[in-house]
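[1] One predicted model, sequence on top.
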Amino acid sequence: MPTAYIETFGCQMNERDSEIMAQLLAAEHEVAGSLEAADVVVVNTCTIREKAEQKAFSLLGRLRRIKERRPEVVVVVAGCVAQQQGGAIRSRMPYVDVVVGPQEIYRLPELVDQARRRQRRVATELRPDFAIPTLLPDLRRGHPHKRFVTIMQGCNNFCTYCVVPYTRGREISRPPADVLAEVRHLAGGGVREITLLGQNVNSYGQDREDACSFAALIRMLAEVPGIRRIRFTTSHPKDLSDELVACFAEVPELCPHIHLPVQSGSDRVLARMNRKYTAARYLERVAALRQAVPDIVITTDVIVGFPGETEEDFAATMRLLDEVRFHGAFSFKYSDRPNAPASRFADKVAEEEKTRRLAVLQKRQEEIALARLREYVGQQVEVMVEGEGRGPGQASGRTAGNQIVNFTPDRSGLRPGEFVSVRIEEACPHSLRGKEVSPS
Ligand code: SAH
Ligand code: SF4
Ligand code: F3S
């Protein structure tokens, strides 16, 4: 059988799409041991920032040389760069055989077949009435105990810096029955933890009459036997509903962790980003979450150096970080994206200034994150075992709050997927360390 290799860049959506592509190709391909040896190479790309796109292009450069030596190799560009650039990719890189957008991945086997017959294909249609097919995941591949479940695609928010609405199209939800069938299938195969994926999960179901709210979907999935942990990403602060906040207090399976991207602490910048909330509203939502679950883990995304961001705006972001004390934050320098309206804003911040602000922010956030981890020392937490830990004889896993824990087991034969109690003894920069406490 021919072999296939998939390289994935970008977000969890892309990771899940790569799993789907792998499963579709598996009917007629084995998994290749390396990119160099593969007969089909799929590069699943991301274009969220310029750097993300460059990574994909540099890999494609390597593929050009491989293709010179082995012209029969089929090169596929998938994902958000594929969607955004379409046929232009083939003019720039004529050795690319197939360009396939996120909605068209289900046609991959057929497109690869056509490429073998020297028909090069560009499949980048984005239809607002697209129905996301359900392909029950292959339980023999992928993580045995935790999985991603895509509940919707696309985004209707049009934040002015962001390409996603242009690469993933409008919001389309999967029917609740399809999501339920997929989750039951996973749980029946031993999966204990699911992460529900969408660019803006809060608006799940709003595009279809047969759907329920996102909160109702969580409550329904929590009833599936075997599912012990439910996570989701990403939630937009502007429509984080009280109904969803209540789920954190009332649904034991919903993990006490929320990724709630704030982007900026300045109302002026937030308005120019088209985020549709103020810093005060964001803080009010954080307060509501903490009232529901006092020790909820809140993580965020921040952009520094958005066009027109002044020293004062940046100081407002720093104040917000100190006020919320996020358990973690991903922070980025603003990056111009073609199509995104902010790329046409005039008052760009100089590169060196963006670099400086990012360093200041990251240093402060690291201190906060470590202080947050120290709060766990002395506490007993539930960990889902994922594998071996750092040291000899150690195991590792994650808390419900999504923190990594390396710990000394109390007994031998601890298996991934098991839930154990661990007493935390030490906080490291990005993880916790502890000892299993035997159930008595
Ligand atoms: N749908 C999610 C996030 C998608 S992208 C949401 O709305 O929160 C992930 C993160 O990348 C964003 O939260 C933002 O912080 C960052 N990002 C997106 N576009 C960017 C750009 N042009 N420059 C820098 N960072 C960007
Ligand atoms: Fe991009 Fe905004 Fe949509 Fe998130 S909500 S994907 S940042 S447009
Ligand atoms: Fe990147 Fe597309 Fe995800 S641009 S972040 S892969 S939606």
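    Happy to help now that I have it. Residues are numbered from 1 along each chain as shown. Ligands and ions are numbered 1, 2, ... in the order given.

[2] Next to ligand 1, which bits of the stretch 301-440 of the chain? Give me the list.
    301, 303, 332, 334-335, 337 (CB under 6 Å from any ligand atom). Heads up, the C-betas are built off the backbone N, CA and C, glycines and all.

[3] which of those residues are buried?
    303, 332, 334-335, 337 (16 or more other CB atoms under 10 Å).

[4] residues from this structure in reach of ligand 3?
    Near ligand 3, when you scan the chain using CB under 6 Å from any ligand atom, you find 10-11, 13-14, 46-48, 79-80, 163-164, 167-168.

[5] Neighbour-wise, which one of these leads?
    In terms of neighbours by other CB atoms under 10 Å, these top out with residue 79 at 30 neighbours.

[6] and the gap between residue 428 and residue 378?
    Residue 428 is 16 Å from residue 378, where distance means CB to CB, to the nearest Å.

[7] for the closest residue to ligand 2 within the stretch 301-440 of the chain, helix, strand, or coil?
    Closest to ligand 2 within the stretch 301-440 of the chain is residue 301: 8.2 Å, counting by CB to the nearest ligand atom. What DSSP: H, G, I helix; E, B strand; the rest coil gives for residue 301 is strand.

[8] I am assuming it contacts residue 317, so please confirm or correct that.
    No - applying CB atoms under 8 Å as the test, residue 301 and residue 317 come out as separate, 11.7 Å apart.

[9] Helix, strand, or coil at whichever residue of the stretch 251-400 of the chain sits closest to ligand 3?
    Closest contact between the stretch 251-400 of the chain and ligand 3, by CB to the nearest ligand atom, is at residue 337 (8.8 Å). Recorded secondary structure, residue 337: coil (three-state DSSP).

[10] What of residue 219?
    helix.

[11] going forward can the numbers begin at 51, since that is how I track them
    Sure, I'll start counting at 51 from here, so that last one is residue 269.

[12] Provide a list of residues in contact with it.
    Shown in contact with residue 269 (CB atoms under 8 Å, 6 or more residues apart in numbering): 297, 301.

[13] thought residue 155 was touching residue 72?
    No - here residue 155 does not reach residue 72: they are 10.6 Å apart, not a contact under CB under 8 Å.

[14] More neighbours: which of the two?
    Neighbours per residue, other CB under 10 Å: of residue 155 and residue 72, the larger number sits with residue 155, 23 against 20.

[15] how many neighbours does whichever residue of the stretch 301-450 of the chain sits closest to ligand 2 have?
    Ligand 2 sits closest to residue 311 of the stretch 301-450 of the chain, with a gap of 6.9 Å, by CB to the nearest ligand atom. By other CB under 10 Å, 19 other residues sit near residue 311.

[16] which SSE is it in?
    Secondary structure from DSSP states H and E places residue 311 outside every helix and strand.

[17] that's a helix at residue 295, yeah?
    Yes - under three-state DSSP, residue 295 sits within a helix.

[18] Quick one: residues contacting it.
    With CB under 8 Å, 6+ apart, residue 295 has these contacts: 335, 338-339, 342.

[19] what do you get for residue 132?
    When contacts are counted by CB under 8 Å, 6+ apart, residue 132 touches 95, 139, 149-151, 174.
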